[in-house]
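Student: Here's my sequence, what's the structure:
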Amino acid sequence: MSIAELVESDGYKKFMAKVYGFGASIVLVGALFKIQHYPGASIMLIIGLLTEALIFFFSAFEPLHEELDWTLVYPELAGLDEIEENVNIKKGGASQQDGTALQKFDELLEKGKLGPELFEKLGSNLDALNTNVVSMSNISNASVATESYVSNINKAAGSADNLAGAFASSASKISQTVDSIAESSKQTAQSIITSGARSAELISQSAQQTASIIETSGKSYQQLLEGLNANFSSIGESSKVQAVQQEALTKNLSALNAVYELQLKNSSTNLEATEKITHGINSIMSDLQSTAEDVTKYKTEISRLSQNLAALNTVYGNMLSAMSIK
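Tutor: Take a look at the predicted model:
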């Protein structure tokens, strides 16, 4: 395969498209590294320039664009190049050659029989074509709508069958439940009758028992009243002794309350003093913490300053190297 055949092949054209894209990106990255003075900027710039040189090297083998003679396919275009050449000549003979160009254009219209009637017919045919396309779209929409309607009808019929089956099954289930309810109601009626008789017997028995209990409780209540009267007489005598003891107890409690009040006052003063001391300690600790944070911030700022100075030194070094190269 010769170089001309290789260059005109589709594979070479695809290869060149990839070369242009990737090569341009590499060139731009190298220029970016050089402009921003990133580390390795010189190497990236060399790579970008070598890539660009390779792109130009491969593009030298691409074939030139051929101007096709469209007059062979469309004879009506014959002579238009001459008209354009005549239009682009000097100003002195422009009016005469404009007239010749218009004459040739008129002759072209006469030869091709391109009159206003032909253009009107073309416009009317285009309008008719547009209306036909719109009607065709409406027909397609109608067909789609009918298909969806038929499918919906089929679905409705299927759902009606399912509803009828469900209704029949539910009717049979309802009849079964009615029969079971009737049987259960009979059983409950019988159980209510038997339970009523039993409850009546139990109520009579409990009434007799409560009557006997009331009698015994009445007797015990009388005995309780007699015991309470005896207890009240003894309680009156003992209450006098308890009154004397309560007076002595109240005196002792008042003295104890006075001592307790003094102790509470002293404890309150001690608490206030301890609160002041703890508040002072907390303020001291907060001050120490803030000073520690300030020290850490100072260290970070000093490290940033050193980094910025190093970056500035590199920038000035790059500038000096660039100026020395020039």
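
Student: same question for whatever helix or strand residue 254 lives in, mean pLDDT?
Tutor: Element membership of residue 254, judged by DSSP states H and E, is helix 116-325. Average pLDDT, helix 116-325: 69.

Student: And residue 39, how far from residue 318?
Tutor: Residue 39 is 10 Å from residue 318, where distance means CB to CB, to the nearest Å. Yep, even glycine has a C-beta here, placed from its N, CA and C like the rest.

Student: Have a look at these two and say which one is more surrounded.
Tutor: residue 318 (14 against 9; other CB atoms under 10 Å).

Student: My read is that that one contacts residue 38, right?
Tutor: No - using CB atoms under 8 Å, residue 318 makes no contact with residue 38, being 10.1 Å away.

Student: buried ones in the helix or strand hosting residue 17?
Tutor: Per DSSP H and E: residue 17 is located in helix 10-36. For helix 10-36, burial by neighbour count (16 or more other CB atoms under 10 Å) applies to 12, 16, 23, 26-27, 29-30, 33-34.

Student: Residue 254: which of those residues is nearest?
Tutor: The closest of the buried residues of helix 10-36 to residue 254 turns out to be residue 33 (CB to CB; 95.7 Å).

Student: Could you check the pLDDT of that closest one?
Tutor: 94.

Student: what's near enough to touch it?
Tutor: By CB atoms under 8 Å, 6 or more residues apart in numbering, residue 33 lies in contact with 40-41, 44-45.

Student: pLDDT weak spots in the stretch 1-150 of the chain?
Tutor: 1, 79-116, 118-119, 122, 126, 129-130, 132-150 (pLDDT under 70).

Student: Distance-wise, check residue 290 relative to residue 304.
Tutor: For residue 290, the distance to residue 304 - CB to CB - is 21 Å.

Student: same question, residue 26
Tutor: The gap separating residue 26 from residue 304 is 34 Å, by CB to CB.

Student: next one: residue 41
Tutor: From residue 41 to residue 304 the distance is 24 Å (CB to CB).

Student: Comparing the two, which residue is more hemmed in?
Tutor: Higher neighbour count among residue 41 and residue 304: residue 41, with 17 against 10, using other CB under 10 Å.

Student: my guess is that one contacts residue 47, does it?
Tutor: No - between residue 41 and residue 47 there is no contact under CB under 8 Å: 10.8 Å.

Student: Can you say which helix or strand has residue 5 in it?
Tutor: Using DSSP H and E, residue 5 maps to helix 3-8.

Student: For that helix, enumerate the helices and strands it packs against.
Tutor: Of the remaining helices and strands, none touches helix 3-8 by 3 or more CB pairs under 8 Å, 6 or more residues apart in numbering; DSSP states H and E.

Student: Give me the domain ranges for the protein.
Tutor: For the chain, the structural domains run 1-64, 76-114, going by automatic domain parsing.

Student: what about residue 246, neighbour count?
Tutor: Residue 246 has 11 neighbouring residues, counting by other CB under 10 Å.

Student: what sits against residue 299?
Tutor: With CB under 8 Å, 6+ apart, residue 299 has no contacts at all.

Student: residues making contact with stretch 241-250?
Tutor: Outside stretch 241-250, not one residue touches it by CB under 8 Å, 6+ apart.

Student: can you offset everything so residue one is 50?
Tutor: With the count now opening at 50, the last piece we talked about shows up as stretch 290-299.

Student: how about the CA coordinates for that stretch, as PDB?
Tutor: C-alpha atoms of stretch 290-299 as PDB (Å, rounded to 0.1, in the frame of the first residue of the first chain):
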ATOM      1  CA  VAL A 290     -49.400  12.600 130.000                       C
ATOM      2  CA  GLN A 291     -48.800  12.900 126.300                       C
ATOM      3  CA  ALA A 292     -49.600  16.700 126.400                       C
ATOM      4  CA  VAL A 293     -46.800  17.200 129.000                       C
ATOM      5  CA  GLN A 294     -44.400  15.200 127.000                       C
ATOM      6  CA  GLN A 295     -45.300  17.000 123.700                       C
ATOM      7  CA  GLU A 296     -44.600  20.400 125.400                       C
ATOM      8  CA  ALA A 297     -41.100  19.200 126.400                       C
ATOM      9  CA  LEU A 298     -40.600  17.900 122.900                       C
ATOM     10  CA  THR A 299     -41.600  21.200 121.300                       C
END
